[in-house]
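Novice: One predicted model, sequence on top.
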Amino acid sequence: ISVKDNFYNLGGDSIKSIQVVSRIKQKGYTLKVAQILKNPVVEDLAKLVEADAVVISQDEVKGMVDLTPIQQIFFESEQVVNKNHYNQSVLLRSREEIDPSVLEKSIADLVKHHDALRMVYKEKNGLWTQYNEDTSEAHYKISFYDLRSDSKEVELESLRSIGNDLQSGFDIGSGVLFHVG
């Protein structure tokens, strides 16, 4: 097949043009069926294909936000007694000292970009609400620990203890949902 070939001469018809448009759309481009039918030469069609430009607002989101259905189930569940302690943790260890200013900026940018990391959850009379805070304050906690002088056994125990303290120190009503140690 050459770019000079004609869509109709290659066996194209209106049904196939719909299939072509669909496949092009799946790849992130736009072409109309009418354009294929009026411009059957592949070279001419190539000039009409446009990239889909989906613009998603990156503006700061703040204010009341409805709970999702899974959040409603979570907050209504009597099986999860301590809502603050139901969280995800990851333990990473660095062999090199981490520059506090670089880490601080990285975490601040992450929390600014991900609105859900600035949520505040409140319970009143058995009903839970969530409010998305703005970025005027830090909505994360960073603590530095230097365990390099400890033996491997002491280091492991220190990591467990620090991890437990960080993980159990969450208060979902405070607006600090992200702890880094």
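Specialist: Cool, got the structure.
Novice: So which residue is dead centre in the chain?
Specialist: In the chain, the residue lying closest to the centroid (CA atoms, centre = their mean) is His114, at 6.5 Å.
Novice: Next, give phi and psi for it.
Specialist: His114 adopts backbone torsions of phi -100, psi 100, taken as degrees, to the nearest 10.
Novice: State the pLDDT value of it.
Specialist: With respect to pLDDT, His114 has a value of 91.
Novice: How much space separates the nearest residue to Leu110 once chain neighbours are set aside from Phe178?
Specialist: Leaving aside its sequence neighbours, Leu110 sits nearest to Leu117 (CB to CB, 6 or more residues apart in numbering; 7.1 Å). Heads up, the C-betas are built off the backbone N, CA and C, glycines and all. Separation of Leu117 from Phe178 (CB to CB, to the nearest Å): 5 Å.
Novice: Show residues contacting the lengthiest helix in the chain.
Specialist: Scanning the chain for the helix with the most residues, using DSSP state H, yields helix 152-168. The contact list for helix 152-168 (CB atoms under 8 Å, 6 or more residues apart in numbering) reads His85, Asn87, Ser89, Leu91, Arg93, Ser143, Tyr145, Leu147, Asp150, His179, Gly181.
Novice: about what we covered before: overlap of the contact sets of Leu117 and Phe178?
Specialist: Common neighbours of Leu117 and Phe178, using CB under 8 Å, 6+ apart, are Leu110, Val111, His139, Tyr140.
Novice: so the last one touches Lys105, yeah?
Specialist: No - when contacts are counted by CB atoms under 8 Å, Tyr140 is not listed as touching Lys105 (11.8 Å).
Novice: Those two: who's more crowded?
Specialist: Tyr140 (18 against 11; other CB atoms under 10 Å).
Novice: for the closest residue in space to the more buried one that isn't next to it in sequence, phi and psi?
Specialist: Residue nearest to Tyr140 in three dimensions, not counting chain neighbours: Phe178, with 4.1 Å by CB to CB, 6+ apart. Main-chain torsions, Phe178, degrees, to the nearest 10: phi -130, psi 110.
Novice: Please list the outside residues in contact with stretch 129-147.
Specialist: Residues contacting stretch 129-147 (CB under 8 Å, 6+ apart): 60-65, 67, 71, 97-98, 100, 103-104, 107-108, 111-112, 115-122, 154-155, 158-159, 162, 166, 169, 175-181.
Novice: Perfect, I'm done here.
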